[in-house]
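*Asks:* kindly return the folded structure for what I paste below:
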Amino acid sequence: MSSNTQPDQSRPDPGRTTPGDPTFSPGYASLPQPPDPDYPPTSEFPATASDNVPPGYPPPGYGTPYDPYDGGYPPPAGPTQRPPRKSNVPIVAVIIAVTLLLCGGVGTAGVLIARNVTEKAKEAVAPITGLPSVKPELPAAPTGGPGFGAKVSVTYEVTGDGPASQLLYVESLSESPQRLESVQLPWKFTGEIDTPTVLNVTAFRLGDPDGTISCRVLVNGEEVARNTSDPGTFGTVTCNHFAFE
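*Replies:* Residues are numbered from 1 along each chain as shown. Now for the predicted structure:
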């Protein structure tokens, strides 16, 4: 059973052309088309809509006026004012008050201590009663006693190997020791010396490594001191005696 199918006349055939359709050729632009009668030409619309805008309102299509400070940032502030400077007068006043209190306390304590010390001193130095008013007479010191102002005969002797390079001896306590140099040995001195006194003779020698040097002191012909140095190139010897009488 065959059926004849008729094409749908309501749908245009893409391959068919109507007598009024423009034709196209490869390599050429399309031909200009007449305006669509469903859309009026733009010349019928006013050029701008600013004529119908009430006074004080921006024209349609424009946003709000630009505000340079409307972006989350505050306007620049003026110069920062410093806070008022605190006065040190209260602190200074407190320090002065504390100092005065301390000074007053120290001064008061010093006065009390001085008063207490004065009273104790008065008690310690209270006058002692019952003392004799007449000074006792003391016996005079004896004069002409033995050994005071008496003279003794003193003899110094120095012997040894070779000459003595230096020799010193005492004649009186009120004078410096006598000094001799390059003294040939044996050497001897005898003289009268006031007592009390210290008798002394010292001798030095330099020379023979095996040599020695000796000294001796006699008072009124009696030997009271003797000494001898050890053997050696340099020798020193001293004899001392305290003459009381």
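*Asks:* counting by contacts, list what the helix or strand containing residue 168 packs against.
*Replies:* Here residue 168, judged by DSSP states H and E, is contained in strand 164-169. Applying 3 or more CB pairs under 8 Å, 6 or more residues apart in numbering; DSSP states H and E, one finds that strand 164-169 contacts strand 151-160, strand 178-183, strand 187-194, strand 197-206. C-beta coordinates here come from the backbone N, C-alpha and C atoms, glycine included.
*Asks:* mind running it again at 6 Å?
*Replies:* strand 178-183, strand 197-206 (3 or more CB pairs under 6 Å, 6 or more residues apart in numbering; DSSP states H and E).
*Asks:* contact partners of the shortest one?
*Replies:* Judged by CB atoms under 6 Å, 6 or more residues apart in numbering, the contacts made with strand 178-183 from elsewhere in the structure are 163-164, 166-169.
*Asks:* and which of those is nearest residue 156?
*Replies:* Nearest to residue 156 among the contacts of strand 178-183, counting by CB to CB, is residue 169 at 5.0 Å.
*Asks:* tell me what the residue nearest to residue 193 when sequence neighbours are not counted is bridged to.
*Replies:* Nearest non-adjacent residue to residue 193, counting by CB to CB, 6 or more residues apart in numbering: residue 154, 4.8 Å away. Using DSSP bridges, the bridge partners assigned to residue 154 are residue 191, residue 219.
*Asks:* in its sheet, what does the strand holding residue 168 sit against?
*Replies:* Sheet pairing of strand 164-169 (DSSP bridges) gives strand 178-183 (antiparallel), strand 197-206 (antiparallel).
*Asks:* quick one: contacts for residue 173?
*Replies:* Here residue 173 is in contact with residue 197 (criterion: CB under 6 Å, 6+ apart).
*Asks:* helix, strand, or coil at it?
*Replies:* coil (DSSP: H, G, I helix; E, B strand; the rest coil).
*Asks:* distance of it from residue 198?
*Replies:* As defined by CB to CB, to the nearest Å, residue 173 lies at a distance of 7 Å from residue 198.
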